[in-house]
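Chemist: need a 3D model of the sequence below.
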Amino acid sequence: MDKILEALVSSSHPLAVKKAIVKKVVEAAEKEVTEEQCQALYALAARLILVGEDAFQRQVGQQVQEAYARYHRDEFARFLTKEFVLSLLQQGYGPLERRDPAIVDFLHGCLRLLISCPAVLEVAATLQTEVLRVACERPDAPLCARLAALLSDFPQCMPRDKTKVLFCQQLVRTISSFQCPASRDRELREYVSQVNRVSALLQGVWKADPATLLPSLQEVFAVISSTDSSSEPSIALASLVQHIPLQMITVLIKSLTTDQNVRDASMIQALCRMIDWLSWPLANHVDTWVIALLKGLAAVQKFTILIDVTLLKIELVFNRLWYPIVRQGALAVLSHMLLSFQHSPEAFHLVVPHMVLLVQSLRSDGLPTSHAFLLQFTELIHCMMYQYSGFPDLYDNILESIKDLPKPSEEQIKLFLNQSAWTSQSNSFASGLLRLTGKSETGKTGLINLGNTCYMNSVLQSLFMATDFRRRVLSLQLNGGSALMKKLQLLFAFLAHTQRAAYAPRHFFEASRPPWFTTGSQQDCSEYLRFLLDRLHEEEKTVKALQGKPSPAVSDGPSAAADGCEDHTAAKVRAEEVGPTLVESMFGGRLSTGICCLQCHSVSEKEEPFTDLSLAFCPSAAAEEPFSGQACHGPVNGGSESSEGVSKESSSSSLAPDSERTTLSVTDMMKYLLAPEILDGENRYFCECCGTLQRAERAVRVVAAPEYLILTLLRFSYDAAQHVRRKILDNAHIPLHISLPLHQQRSSSSSSSFRLPFQTQLDSHENGENLAKKLKPSRREEEDEEGGQSGGLDRQKEQREVEIPYVLSSVVMHSGMSSESGHYYSYGRNVNAVDGVCSTAANHCLPAGSKGVEPSGSCPPQSISTAQEVEGCLDQSSRDWFLFNDSRVTFTNFQSVQNITSRFPKDTAYVLIYRKQETGRPPGANGISINGLRLSGEPPLQKELMDAITKDNKLFLQEQELNARTRALQAATASCSFRPNGYDDNEPPGSCGPSGGGGGGGFNTVSRLVF
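Modeler: Model (predicted):
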């Protein structure tokens, strides 16, 4: 019968005739057939199935085999012998090679026919060995997919025990060797389907035997981390990722990132190849694992790897955004790589040229998911342009393409950047010594105490938080002549953009330290601030004068010295003509001091510039007691309770008449400074008109209000009995808003040129003490002057008084008992001329009339409650204020600022900086914008500054990495104590000890290390 069938299928008879005869042969299977005939038919069927010339012959072979195996199963079991199976798998069949998928399909079909026969167990035992051998030979995807289908249907053919782990590892290797020569869509889909069937087989093995999972994944890492350039592993390995339980992320990342045997080159290769997996369609969780590994490397401070991989692969990841099937995962990885790469714009600028085309494509492709994706992509663009806002030429076209799409708020952008930074990643499986010393959650940078330099650090942080001054400094185009301003500009750039937790301002300290300041000793921060502003002002004035000066001719004659003198004089004249300096425009104001003779009413008036106002403490005696002319400051050794029980009745310096006050206010001290005083007795004034000593009235008025008002509280007084300088510990209430009375003359005269008063204020404390000893009029004298001597200074010129609103920007605190010891720290917040106004209620101080105006600068009583409401409104946020304590920066609130002295009596406000408020523009009007879109309030950094920061950030990351590796090597053999960089909650916020400043410890202490 087999001969007849073989001749029939190869004959030229019509197909219908052939099918009819084949049907007779198949039906004959139900009848009794001899052993010899069965074996002959099985052999013929195998030959037709494996090497049939056409589909008809292969179909006939399938029909004959199934029919006779069903009715003669024992004979079929004796046909499918171990030897026959080994021959097929090891030698092939006729023209078929042993690696032909048709052989595995044939065996798979035979096993289906023997599924309930005991003989299948013998075949399964043979296949267990052969399957492992086939996997070791690296079969291609079609054969491996057929093998996976066989093993899925017949798990008893799977290798057992130890060989199962080996089989899984070899199968991983096999997948890594897959190649996809197909180029047409149908072939690509078939290839992906084949790979997915193989990965599904591994998934089934992992579920059935979890012990095989970790060795398999270790094999995956061994493959992708290989630096052998002769073979590149296939991205088909990405198909395995979706089958790895997400619960294993922590364990696996710990194993990879903390293994000291994994070399950097291997980790780079592994990470790059995992990023390549983003190209694999339908592979879930690839982005999750890539981001987890990136974070794990950042947590153990392997920044060199992150930098190399980001720059190498960022463009490839971006290109994946063009393909909708892998777009979402690619965006997640791209966002993390860009947002975390914060030390340099290099990575972002690699993909900037391609963004406009991608945006246009997303708008026009018509896919339902494209719009939502475009919104996410736009959010990423805004974050990166905010981080690196100094390249308008690169960003202009991008902003134009997304101008109609929503933009995240500045707070959201800062949150994204802070959460994504490498230095913000925490490593839960690393020891305490391996933890990063990155920035705090505030995102602000501290200043390292260089040895009792807290006085400088507190001043610099306060100036940095003066938002408009900082922006002006960073936007300056400086030349070689502005040495100190250039160093301040670099310092501000580092405070804004460095990734270090704290910056060491050594170069700026050397350049700005007054020559009489002893290095390593505590100094007066107010004196340092005056010196610094004076130096910056004089330097800019000199540079402007020299820039306007023509190049002098070379002269060797005797008149050279005289010419030089003339040039110097001309330079001074030119300096007065070039306009105000930056310090003058930001901090400069003018005071007018007038003395009016109460006999002839002649007035002597003098104007002088100021950069800060020194406020003396008001006398504590009751107003009804005649003032005796004693030094008018509070008790020297008193704390916050020193003024309890002292009553003050209504006076010109009282905010609330007929009320008792135990805490002095800064507003009271300002009114005390500006209140008129009567010169009488030994202090009588010599009137040139009268030619004799006469009673007179002396008044100080502000005629030009500064943009930033600096107030220095005169806390250090000279004790003549003990010949020592003591500190006044009285608590002073710090208002969030104040008003400065500005006197405007209707017929104003030209003002003299601006000159900083530093040389007249070197002995600032002595000057303050003299101010504190001013003679103020008693109530009787005021009534006499009002009733019998109308006019005075107010009668000489027609003037009007305008209340200028200010909002608090920063406060420098002093902790200690004297100016030669203790510690300085500061509170600050970002306030500019417009954004600091939260509501119209904040501007409650309106221009006063020309009559009946108190010279105290106080607001009307009905507006006091409004001001308190505004303060309460602004103080709700606990993240609005920052506490700068050398290298430590933390969040705080205004309530803490106001209550610090009541909690720690030695910690008192010393220098306050207020920002003048403007009401003519809407909030945020002074931001930098392109095409009408505000990028950021900060000006773009110049290339020189950006290069310096980028270089230092790379150095910092390398230092972090080296430090982490060194500690990891030492951790197993040595132990060291770690003291957190902080303070006990029950202790004052800071103090300068022998080691040189707040934060505790010297430079050799672990807690002081910032690299």
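Chemist: which pLDDT value belongs to Ser12?
Modeler: Ser12 carries a pLDDT value of 79.
Chemist: then Ala553?
Modeler: Reading off the model, Ala553 has pLDDT 39.
Chemist: which residues in the stretch 401-550 of the chain form helices?
Modeler: For the stretch 401-550 of the chain, the helices defined by DSSP state H, counting those that start in this stretch cover 410-420, 454-464, 467-474, 483-497, 506-512, 525-547.
Chemist: indicate which one of those helices is closest to Thr892.
Modeler: Checking those against Thr892 by CB to CB gives helix 454-464 as the closest, at 13.2 Å. (Each C-beta comes from the backbone N, C-alpha and C, glycine too.)
Chemist: so which residue is dead centre in this structure?
Modeler: Note on the chain: the residue nearest the mean C-alpha position is Asn418, at 3.4 Å, using CA atoms, centre = their mean.
Chemist: what is the burial count for the residue nearest to that one when sequence neighbours are not counted?
Modeler: Of all residues not flanking Asn418 in the chain, Gly443 sits nearest, at 5.1 Å (CB to CB, 6 or more residues apart in numbering). Gly443: 14 surrounding residues under other CB atoms under 10 Å.
Chemist: same check, this time on the one 10 residues further on
Modeler: Residue crowding around Thr453 was assessed by other CB under 10 Å; the count is 29.
Chemist: count of neighbours near the nearest residue to it once chain neighbours are set aside?
Modeler: Of all residues not flanking Thr453 in the chain, Phe509 sits nearest, at 6.0 Å (CB to CB, 6+ apart). Using other CB under 10 Å, Phe509 has 20 neighbouring residues.
Chemist: how much space between Phe509 and Ile710?
Modeler: 21 Å (CB to CB, to the nearest Å).
Chemist: likewise Asp393?
Modeler: From Asp393 over to Ile710 (counting by CB to CB), the distance is 38 Å.
Chemist: if you count what's nearby, which of these two comes out ahead?
Modeler: Neighbour totals were compared for Asp393 and Ile710, and Ile710 leads with 25 against 7 (other CB under 10 Å).
Chemist: list the contacts for the more buried one?
Modeler: Leu529, Phe587, Thr611, Asp612, Leu613, Val911, Leu912, Ile913 (CB atoms under 8 Å, 6 or more residues apart in numbering).
Chemist: state the helix or strand in which the closest residue to Ser226 other than its chain neighbours lies.
Modeler: Leaving aside its sequence neighbours, Ser226 sits nearest to Gln269 (CB to CB, 6+ apart; 6.8 Å). Assigned by DSSP states H and E, Gln269 falls within helix 264-276.
Chemist: alpha carbons only: can I get the very next helix or strand once past that helix in PDB?
Modeler: The C-terminal neighbour of helix 264-276 among helices and strands, as given by DSSP H and E, is helix 286-299. Written as PDB, here are the backbone C-alpha positions of helix 286-299 (Å, rounded to 0.1, in the frame of the first residue of the first chain):
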ATOM      1  CA  VAL A 286      12.000  48.600  29.800                       C
ATOM      2  CA  ASP A 287      11.900  52.300  30.700                       C
ATOM      3  CA  THR A 288      11.200  51.400  34.300                       C
ATOM      4  CA  TRP A 289      14.300  49.300  34.600                       C
ATOM      5  CA  VAL A 290      16.500  51.800  32.700                       C
ATOM      6  CA  ILE A 291      15.400  54.600  35.000                       C
ATOM      7  CA  ALA A 292      15.900  52.400  38.100                       C
ATOM      8  CA  LEU A 293      19.400  51.600  37.100                       C
ATOM      9  CA  LEU A 294      20.200  55.300  36.300                       C
ATOM     10  CA  LYS A 295      18.900  56.200  39.800                       C
ATOM     11  CA  GLY A 296      20.800  53.400  41.400                       C
ATOM     12  CA  LEU A 297      24.100  54.600  39.800                       C
ATOM     13  CA  ALA A 298      23.400  58.100  41.000                       C
ATOM     14  CA  ALA A 299      22.700  56.900  44.500                       C
END
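Chemist: who does helix 286-299 touch, helix- and strand-wise?
Modeler: The contact analysis (3 or more CB pairs under 8 Å, 6 or more residues apart in numbering; DSSP states H and E) places helix 286-299 against helix 238-241, helix 249-257, helix 264-276, helix 303-319, helix 327-340.
Chemist: mind running it again at 6 Å?
Modeler: helix 238-241, helix 249-257, helix 327-340 (3 or more CB pairs under 6 Å, 6 or more residues apart in numbering; DSSP states H and E).
Chemist: among the ones you listed, which is the most enclosed?
Modeler: Among the helices and strands packed on helix 286-299, helix 238-241 has the highest mean neighbour count (mean count of other CB atoms under 10 Å), at a mean of 24.
Chemist: now the residue nearest to the centre of the chain: how far from Arg888?
Modeler: 17 Å.
Chemist: for Glu682, same thing?
Modeler: Distance from Glu682 to Arg888, by CB to CB: 51 Å.
Chemist: and what of Leu367?
Modeler: 50 Å.
Chemist: and the two? Which one has more around it.
Modeler: Set Leu367 next to Arg888 and count neighbours by other CB under 10 Å: Arg888 wins out with 21 against 12.
Chemist: beta partners of the more buried one?
Modeler: When bridges are called by DSSP bridges, Arg888 pairs up with Asn885.
Chemist: Ile678 now?
Modeler: Beta-bridge partners of Ile678, as defined by DSSP bridges: Glu697.
Chemist: any chance of the helices and strands packed on helix 286-299 in a markdown table, plus mean pLDDT and distance to Phe76?
Modeler: Converted to a markdown table, those look like this (pLDDT from 0 to 100; distance: least, CB to CB, whole Å):
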| stretch | mean pLDDT | distance to Phe76 |
| --- | --- | --- |
| helix 238-241 | 90 | 37 |
| helix 249-257 | 84 | 48 |
| helix 327-340 | 93 | 50 |
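Chemist: in a markdown table, list those along with distance to Phe178.
Modeler: Shown next, in a markdown table, are the helices and strands packed on helix 286-299 (distance: least, CB to CB, whole Å):
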| stretch | distance to Phe178 |
| --- | --- |
| helix 238-241 | 10 |
| helix 249-257 | 23 |
| helix 327-340 | 21 |
